[in-house]
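Below are the sequence and a predicted model; questions follow.
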Amino acid sequence: MRSHSRDRLSVARIPWTTDDNPYQRAVYGSLTSHGVDLIGTADLSDAWLAEPSRRPDVLHIHWSLHRLADDAPQGLDTATWVCDRLDRVQRTGTTLAWTVHEPGALLDPADPFRSTVERHLLAHVDLAIVHDEPTARFVGNLAGPMRDRPLPIATAPLGDYRPFVVPATSEPRDLDESRARLSIRPDVRVVLAQGALRADKDLPLLVTAFDLLDRPEVVLAIAGREIDQPTSRFLRSLDRPDIRVLPGRLAPETVSTHHRIADLAVLARRVDWTPSSMLFAVAHDTPVVAADLPTSRAALGDRGATWATPGDPEALADALRRALDDPMEAAATLHAARVHIASRSWDRSAGITARAFRSAVAARRAAHRAVNREPEPVTATS
């Protein structure tokens, strides 16, 4: 529905995502205090487009873009259908905003649907939201040739996830029991890779690096929900005692337990992405070893992790070795990451986002009025 107050905006996210995700709770919960109200579900169906009272001021696009085609009729080119529907949304005067989470995968020819939709968004969206300056520069440069004017981009840094950490189910005295449930001995050290398990996490490279580490006293735990079939097949092929694969959607308290028994969190990713899993590790007081990417440094700071060359398993193995052998240095990186993250807040990011929403809404409404303005009457002259 349209805002009833000139001071507040209504926003619908699409595809709809539950607030079980701490990122969603942080982003939308903080926006409320800045005059932005999240309304109910939105879609691109005929029924939704035909009911003006249900349309928000801003339609806010998140991931996964494939979900935009949920209501597409069978037999149609779904990417063309989605792009046409997004155009129709804008023609009604609704503003389109897109938070770019996967810069390293933009315009990937291996995914024709997403690449087509991304090109359309880069060319036509009213506002892009990113979480760091490297992504802002990349998206701006990519969109430039596709538009007749620069793409408005708001950089709203990610905040601290500590308020969203759920206490672990185990008390300190029960950590050995938690390890036993995961078949991890009390005397074994744990390297944890946790989060959505998909291709960008580069799990085959991580396993290669773990093999190069060659530490019998270290176990690699891979935990999280499997997203794509190649990753699922790879994980199922790992039948070995030094790697624990814990697939499936994890309860927040289980996530906390995993971090509490972990010595390190590791992210082998070789392409830029929204690095929430690293921030979540820091929120759980777990030092991070990660591929040295611009988005990752922006999230944790230059000294916020033990860095490794992206795509290099030997460099990742060396970074793991250094972090395991020098716990004081690992603790120092954790402290540096905390300090860097504390310099930002979800409330500040929400203020940036709200101001960007208002600016984009004003521009879209002005364009809508200009297109739909009735022509001036022509008067006869003698």
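Good, I have the coordinates.

so where do the helices sit in the stretch 251-382 of the chain?
252-260, 276-283, 294-300, 313-325, 327-342, 346-372 (DSSP state H, counting those that start in this stretch).

what about the longest one, average pLDDT?
This means helix 346-372. Per-residue pLDDT values across helix 346-372 average out to 92.

circling back to that earlier point, of the helices of the stretch 251-382 of the chain, which is nearest Tyr23?
helix 276-283 (5.7 Å; Cβ to Cβ). Every residue, glycine included, has its C-beta placed from N, CA and C.

where do the strands sit along this structure?
Per DSSP state E, the chain carries strands over the ranges 9-14, 36-38, 58-61, 95-99, 127-130, 153-155, 189-194, 218-224, 243-247, 264-267, 288-291, 306-308.

By mean pLDDT, show me the worst of those.
When the strands of the chain are compared by mean pLDDT, strand 243-247 comes last with a mean of 87.

Can you list the buried residues in it?
Ile243, Arg244, Val245, Leu246 (16 or more other Cβ atoms under 10 Å).

Name the residues that touch that strand?
Residues from elsewhere that reach strand 243-247 (Cβ atoms under 8 Å, 6 or more residues apart in numbering): 182-184, 197, 207, 210, 219-226, 232, 235-236, 238, 258.

got it, and stretch 255-263?
Against stretch 255-263 from outside (Cβ under 8 Å, 6+ apart): 165-170, 175, 178-179, 182, 184, 189-192, 194, 221, 223, 246, 250, 265, 280-281, 284-287, 324, 327, 330.

again with stretch 198-210
Stretch 198-210 has contacts (Cβ under 8 Å, 6+ apart) with 102, 104-105, 191, 193, 195, 197, 218, 220, 222, 226-228, 230-231, 234-235, 238, 242-243, 266-271, 273, 291, 311, 313-314, 316-317, 320.

can you check stretch 74-86 too?
So stretch 74-86 is contacted by 44, 49, 68-69, 72-73, 96, 112-113, 116-117, 120-121, 124 (Cβ under 8 Å, 6+ apart).

Repeat the analysis, applying 6 Å as the threshold.
Stretch 74-86 has contacts (Cβ atoms under 6 Å, 6 or more residues apart in numbering) with Leu44, Leu68, Ala69, Ala72, Phe113, Thr116, Val117, His120.

For those, give me a markdown table that also has distance to Thr306, neighbour count and pLDDT.
Formatted as a markdown table, the contacts of stretch 74-86 follow (distance: Cβ to Cβ, whole Å; neighbours: other Cβ atoms under 10 Å; pLDDT from 0 to 100):
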| residue | distance to Thr306 | neighbour count | pLDDT |
| --- | --- | --- | --- |
| Leu44 | 44 | 21 | 93 |
| Leu68 | 38 | 24 | 96 |
| Ala69 | 41 | 18 | 95 |
| Ala72 | 45 | 17 | 94 |
| Phe113 | 37 | 16 | 97 |
| Thr116 | 39 | 18 | 98 |
| Val117 | 37 | 23 | 98 |
| His120 | 40 | 18 | 98 |
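
Columns distance to Ala79 on top of those residues, output as JSON lines?
Compiled in JSON lines, the contacts of stretch 74-86 are given as follows (distance: Cβ to Cβ, whole Å):
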{"residue": "Leu44", "distance to Ala79": "12"}
{"residue": "Leu68", "distance to Ala79": "9"}
{"residue": "Ala69", "distance to Ala79": "8"}
{"residue": "Ala72", "distance to Ala79": "9"}
{"residue": "Phe113", "distance to Ala79": "5"}
{"residue": "Thr116", "distance to Ala79": "4"}
{"residue": "Val117", "distance to Ala79": "6"}
{"residue": "His120", "distance to Ala79": "8"}
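
Nearest to Thr254, out of those: which one, please.
Leu68 (30.8 Å).

can you pull the contacts of the closest one?
Counting by Cβ under 6 Å, 6+ apart, Leu68 touches Val82.

quick one: the residue lying closest to Leu212 once chain neighbours are set aside from Thr208, how far?
Of all residues not flanking Leu212 in the chain, Ala317 sits nearest, at 3.8 Å (Cβ to Cβ, 6 or more residues apart in numbering). As for Ala317, its distance to Thr208 is 8 Å (criterion: Cβ to Cβ, to the nearest Å).

Could you give me the buried positions within the lowest-mean-pLDDT helix or strand in the chain?
Within the chain, no helix or strand scores below helix 175-181, which has a mean of 72 by mean pLDDT, DSSP states H and E. Across helix 175-181, burial judged by 16+ other Cβ under 10 Å covers Ser178, Arg179.

ok, the closest residue to Gln24 other than its chain neighbours - how many residues close by?
In space, not counting the residues next to it along the chain, Gln24 is nearest to Thr17; the distance is 5.4 Å by Cβ to Cβ, 6+ apart. Applying other Cβ atoms under 10 Å, we find 15 other residues in the vicinity of Thr17.

likewise Arg137?
By other Cβ under 10 Å, the residues close to Arg137 number 15.

same question, Glu102
18.

show me the contacts for it.
Neighbours of Glu102 in contact, by Cβ under 6 Å, 6+ apart: Trp273.

tell me the phi and psi of it?
Dihedral pair for Glu102: phi -130, psi 60, per degrees, to the nearest 10.
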